[in-house]
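Undergrad: fold the following for me, if possible:
(chains A and B)
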Amino acid sequence: MPKCKYDWPEAGDRRLIGQRISRVDGPAKTSGRAKYTYDVNLLGMLYAKILGSPYAHCKITALDTSAAESMPGVKAVRKIQDVGKEIQWVGDEIVAVAAESEDIARDALDKIKIEFEQLPFLVNEEDLSQAGDHAKAAGSEKSGDPDKAFSDPDVVISEGYYGIQTITHCCLESHGSVAQWTEPDTLKTYFSTQNVSGIPGEVGEALRQAGIDVKNNNIETICQYIGGGFGSKFSADRWGVENARLAKLTGKPVKLLLERDIDLEVAGARPSGYAKVKVAAKKDGTIVAWQSDSWGTGGPAGTTMPPIPYVFTGIPNKVTRHTSVGTNTGPARAWRAPNHPQAAVLTMCALEDLAAKLNMDPLEFFSKNADLAGERGEVYRQELSKAAELIDWQKNWHPRGHQTPSSLKRGLGISLHTWGGRGHNSNCGVSIHPDGSVELNLGSQDLGTGTRTVITIVAAETLGLSLEAITLNIGDTKYPVSGASGGSTTVGGVSASTRRGCMDALDQLFAAVAPSLGVPADQLIAKDGKIQAKDDSSKSLTWKQACAKLGVKSIQVTGKNPGPCSLGSSGVGGVEMADVSVDTETGIVKINKMVCAQDCGLIIDMKTAESQCYGALIMGITYALFEQKIMDNITGRMLNPNMEFYKLAGIGDIGELVVHMMTGPGYDERGVIGLGEPPVISPGAAISNAVANAIGVRVPTIPITPEKVLAALEKGGTA
Amino acid sequence: MKRKKQKPKEVAAGRENFTRRDFLKGASVAVSGGLLITEAQAASSPPGAEAVAGPQPVAITLKINGRPHKLNLEPRVTLLDALRDYLDLTGAKKVCDRGVCGACTVIMDGKPVYACNVLAMQAEGHEIVTVEGLSHGGQPHPVMEAFIEHDAQQCGFCTPGFVVACKAFLDKHPNPTLDEVEAGLGGNLCRCGTYAGVRQAVLEAAKTISMKGGKANA
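TA: So this is what the prediction gives:
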């Protein structure tokens, strides 16, 4: 079979791909030179603040902004929602104010007089019996014959209750934008966004609906650096549109970044997931049946069922029923691997309880059932084996309930996960200039995952140049459209469009220099900063000499994804294991060690790939042990919309972390697959399982707080 | 105290790329009617003349990265807002704005402080070093080099605060253990999860600095 025109270099020919390369924007970030949206300061700029609803469910009955409007320094006051509007969650935007300083804008919010009619609300859903008509049946599925399977006298059945909380994204850079009308019909917006190319369309449509005549091509969106997104920054959001309107009203640039409390209340929510689960296995450990009744909330719109049973989708007899609970809380946003961390907790905890009931080592149990995961079963077995080696499972695992006189109980736990991660649509503009300079332009963005770095590596590898020889521009809509960064789709998309674009550009350069080298263009290669004959390195030109042959005309091509010849694929596995100690006197859980074994096809940059996994483990420790959006049944408000009580793990909370990327034959030839989501899926389940192994009793829901550990120990276990 | 007379300078409106000086000059017109104080203003409010300051703007001088900056600020303005909104020194980030996360860490008289928890007025008379003051002549500080090498950053929003906190920590603990690193840097929070890299970076920076005789951390 002839080789496809576009491909990745063979392992022996990779000079940069797969190496440990430091991120190219590291110097800008560490030095403080990197300018985030929050850092954009424009001449004469105003500052905007939002007044949000204090009630979870209410109707506005009176709204008077006159006192705010007449304050010195206040330049614009806009009613976003007026009298008569029904509001569904605390923090929903009612008025926006632009003023000469942040403090004046804040003072102005205090001067707004507003009256509400309060309406009944629901903000907590774990107790489904209290949900009333907020709860709605949201689908059920059945396959095989679960009733028959559960009634087989030869099976072992385990039943349990499991749950995972609502968390908020808590991006360190809050959501928002800086808007500036550079001409009456031309808008320049700096946005903290995961979706640079998508913002003008959304903002343009909203402005036209508001009667402001602006064409999408006259809206520029810029995001050079973003202080976290995690799935919560795809949309321009109402505050982003309002900011453009404030800038229009005042004729000045306006900065509107949400205050921390509103950001935590309205701009981030990973839906919760709770379930009563019943599972059955034969005495040899083969899983035969699954039954689940699940529910959860994602704000007013409720939730869809997580993909359960997770990973082990081949369980032959299954019945699942889901209830969606609409609550008066800030709407759900995509959070790294939407619905998967929920699925992992509900599935892996139930299955590990089943293994315990079977008196089986969960490592053996999960390995035995790996084929229920379909075609990736063998990959899971390899990853289970690798992770077990790294956490020293054979030595450190014990049956449930650590038998020790000490109050410190140690335990190990496992979880498995999966994700897609196929590359998104991407266009990469490649220019090679007669002076030898190389420029790449993509309307993409780097969330901190290393997007700039992987694009630069692919271009330098393809063109036979150093990383420093590549000028890369991203984060601006003046560059070719590239997809939003979400769902682990970016690395596959931009690496493929860059590879194709650079290969095409190189073909044109080969054609231009072939006559002077006396070698056919298809016999030329780019290597070590030279263009040379494939079989005769004496026939060569330096890169600069070669580019000079272009005369005065630059090469300019656009590489695309998708395109001919697949450069990536979809579908990864991953296994994580946790080693914890639980103090049965205080209920405090301490992470001793976590291990991640992860595949993601061909790895472009090993260093930033590993960073994704380290970061995911740490983010996972945070949601497993600390963070939770705590809603108050009495006031309907979030009780911890600040960073002292919305708790993130600190540097002393993470234990030893080990990451192993599965690479080489069997993995590399799959091409590039995304990595942002998969490793963040398993930590909640792995840690919960480790705690159960340590203390001999299941703490049903995460986060596993000391209070919940002590409550679980009241019911049993090995205190 | 010597006060330098400000030279009048025209600012081109609508310019895309303006310097920090332009920003300050522009802001002085837009914000509170005179950000950079004049000789006359300075004379009308001599430092220490009143026991109670404000609420109207007061003249203060902040010494930042070795250079004095004259400002006219309401007493409620924090050091963080003074740096970011009035001096365009945006390396220190605003995240929690209430002394929890450390993203705004700067060094005041050799000690790390949360700039959101210090009023600009309180910072007068003290030596302030921000992340911008840690690179000398384009040469990154050894802590920054170690952060890059160990990829102790993802989105990078907590990174400048972490770099400054690490620098201050190493000044006091030039040869730290891992436990000391974890205790000493517990005041900085990261959401992406870069602590694994930070731990390695701090330990390596300590070695680099000690090989250079401690001078690189000055």
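
Undergrad: only C-alpha atoms for contact and neighbour calcs from this point on.
TA: Noted.

Undergrad: where's the nearest residue to A:E610 once chain neighbours are set aside relative to A:R23, distance?
TA: Closest residue in space to A:E610, ignoring its immediate chain neighbours: A:V659 at 6.5 Å, by Cα to Cα, 6 or more residues apart in numbering or on different chains. A:V659 sits 18 Å away from A:R23, taking Cα to Cα, to the nearest Å as the criterion.

Undergrad: between these two, who's got more neighbours?
TA: More crowded of A:V659 and A:R23, by other Cα atoms under 10 Å in any protein chain shown: A:R23, with 26 against 21.

Undergrad: where in chain B is pLDDT low?
TA: Across chain B, the ranges flagged by pLDDT under 70 are B:1-51, B:215-218.

Undergrad: and it, split by domain according to the record?
TA: B:20-133, B:142-212 (automatic domain parsing).

Undergrad: how about the helix or strand hosting B:G161 as PDB, C-alpha atoms only?
TA: Take DSSP states H and E as the rule and B:G161 turns out to sit in helix B:159-172. Below are the C-alpha coordinates for helix B:159-172, written out as PDB (Å, rounded to 0.1, in the frame of the first residue of the first chain):
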ATOM      1  CA  THR B 159       2.800  31.500  38.700                       C
ATOM      2  CA  PRO B 160       4.100  35.000  39.200                       C
ATOM      3  CA  GLY B 161       2.800  34.900  42.800                       C
ATOM      4  CA  PHE B 162       4.400  31.500  43.300                       C
ATOM      5  CA  VAL B 163       7.700  32.700  41.800                       C
ATOM      6  CA  VAL B 164       7.800  35.700  44.200                       C
ATOM      7  CA  ALA B 165       6.800  33.600  47.200                       C
ATOM      8  CA  CYS B 166       9.500  31.000  46.300                       C
ATOM      9  CA  LYS B 167      12.100  33.700  46.000                       C
ATOM     10  CA  ALA B 168      11.200  35.100  49.500                       C
ATOM     11  CA  PHE B 169      11.000  31.600  50.900                       C
ATOM     12  CA  LEU B 170      14.500  30.700  49.600                       C
ATOM     13  CA  ASP B 171      15.900  34.000  51.000                       C
ATOM     14  CA  LYS B 172      14.900  32.600  54.400                       C
END
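
Undergrad: what packs against that helix?
TA: Under the contact criterion of 3 or more Cα pairs under 8 Å, 6 or more residues apart in numbering or on different chains; DSSP states H and E, helix B:159-172 touches helix A:26-30, strand B:105-108, strand B:111-114, helix B:142-149, helix B:195-211.

Undergrad: distance from the second one to the middle of the chain?
TA: Remark: strand B:105-108 is offset 6 Å from the chain centroid, using Cα atoms, centre = their mean, to the nearest Å.

Undergrad: do the first one as well
TA: Its chain's average C-alpha position is 22 Å from that of helix A:26-30, according to Cα atoms, centre = their mean.

Undergrad: hmm, whatever helix or strand comes next after that helix touching chain B?
TA: Using DSSP H and E, the helix or strand that directly follows helix A:26-30 along the chain is strand A:46-52. No: Strand A:46-52 lies apart from chain B when judged by Cα under 8 Å from any Cα of the partner chain; the minimum separation is 8.7 Å.

Undergrad: residues in contact with strand A:46-52?
TA: Strand A:46-52 is touched from outside by A:90-102, A:105-106, A:109, A:239, A:243, A:252-259, A:262, with contacts defined as Cα atoms under 8 Å, 6 or more residues apart in numbering or on different chains.

Undergrad: contacts with chain B among those, please.
TA: A:100-101.

Undergrad: can you say which of the contacts of strand A:46-52 are buried?
TA: The neighbour-count test (16 or more other Cα atoms under 10 Å in any protein chain shown) marks A:90-102, A:105-106, A:109, A:239, A:243, A:252-259, A:262 as buried among those.

Undergrad: would you list the helices and strands packed on helix B:159-172 in JSON lines and tack on mean neighbour count?
TA: Output for the helices and strands packed on helix B:159-172, formatted as JSON lines (neighbours: other Cα atoms under 10 Å in any protein chain shown):
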{"stretch": "helix A:26-30", "mean neighbour count": "23"}
{"stretch": "strand B:105-108", "mean neighbour count": "26"}
{"stretch": "strand B:111-114", "mean neighbour count": "21"}
{"stretch": "helix B:142-149", "mean neighbour count": "25"}
{"stretch": "helix B:195-211", "mean neighbour count": "21"}
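
Undergrad: rebuild those as JSON lines, extending it with distance to A:L648.
TA: Formatted as JSON lines, those follow (distance: least, Cα to Cα, whole Å):
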{"stretch": "helix A:26-30", "distance to A:L648": "22"}
{"stretch": "strand B:105-108", "distance to A:L648": "18"}
{"stretch": "strand B:111-114", "distance to A:L648": "18"}
{"stretch": "helix B:142-149", "distance to A:L648": "21"}
{"stretch": "helix B:195-211", "distance to A:L648": "12"}
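
Undergrad: ok, which residues in the stretch 1-150 of chain A are in contact with chain B?
TA: Residues of the stretch 1-150 of chain A lying close to chain B (Cα under 8 Å from any Cα) are A:22-23, A:26-27, A:29-35, A:39, A:41-45, A:73, A:100-101.

Undergrad: ugh, typo on my part, it should be the stretch 401-550 of chain A
TA: Where the stretch 401-550 of chain A comes near chain B, counting by Cα under 8 Å from any Cα, the residues are A:447-450.

Undergrad: looking at the residues you listed, which one is closest to chain B?
TA: A:G448 (3.8 Å; Cα to the nearest Cα).
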